[in-house]
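**Q** give the three-dimensional model of this entry:
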Amino acid sequence: MMKEIESTEVARAALRMAISRDRAQEGVVKEDLRREGIRAAAIDIGGEYNGVVKVAMERALVAAKREGLIQETHTDEGAVAGATREALSQVMNKAFGLNVGGKIGIARKSEHVVVAAFFAVGLVHLNEVAIGMGHRAIPK
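**A** Got it, this is the predicted structure:
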């Protein structure tokens, strides 16, 4: 059987973090990933999509630093910011002008950093579901 490509392994990990139901499950997933050599973090996010983008990028950077996924360097911060922006741009067609609520998962193994966004999008109780993902490589 072919060994899994590391970037897809990290993408799967970021998505697992993003779809975790609550902080307790998030902690279990994070510990499972740690045993696999993957560092991970997640943030809850919600509000009107246009305003969420900046807040999500800032919180993703803070969480990635706090959990030791990245260092405080231009390269590392740029990779997380870029991957977050990519993930959010993939849900923009469904979310623009509407409210979103959900979670952003971040995962890293060696040079691979992946950010996954999992959102409910809509008005009142009429929700759509949207998922976006961004990947960046940080030189070792």
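**Q** so Ile38 sits right up against Ala11, yeah?
**A** No - applying Cβ atoms under 8 Å, one finds Ile38 not in contact with Ala11, separated by 10.7 Å. For every residue, glycine as well, the C-beta is placed using N, CA and C.
**Q** just for this structure, where's the confidence low?
**A** 1-4 (pLDDT under 70).
**Q** all the helices of it, residue numbers only.
**A** For the chain, the helices defined by DSSP state H occupy 6-19, 23-35, 49-66, 74-90, 92-95.
**Q** what would the ones you listed look like in CSV with distance to Glu111 and mean neighbour count?
**A** CSV is the format used below for these (distance: least, Cβ to Cβ, whole Å; neighbours: other Cβ atoms under 10 Å):
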stretch, distance to Glu111, mean neighbour count
helix 6-19, 8, 21
helix 23-35, 17, 14
helix 49-66, 14, 18
helix 74-90, 9, 19
helix 92-95, 27, 16
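**Q** just so I know, which of these lies nearest Ala107?
**A** In terms of Cβ to Cβ, the element of the helices of the chain nearest to Ala107 is helix 6-19, at 3.8 Å.
**Q** which residues does that closest one contact?
**A** Contacting residues not belonging to helix 6-19 are listed as 26, 29-30, 33, 36, 38, 40-42, 102-110, 112-118, 131, 133, 135, 137 [Cβ atoms under 8 Å, 6 or more residues apart in numbering].
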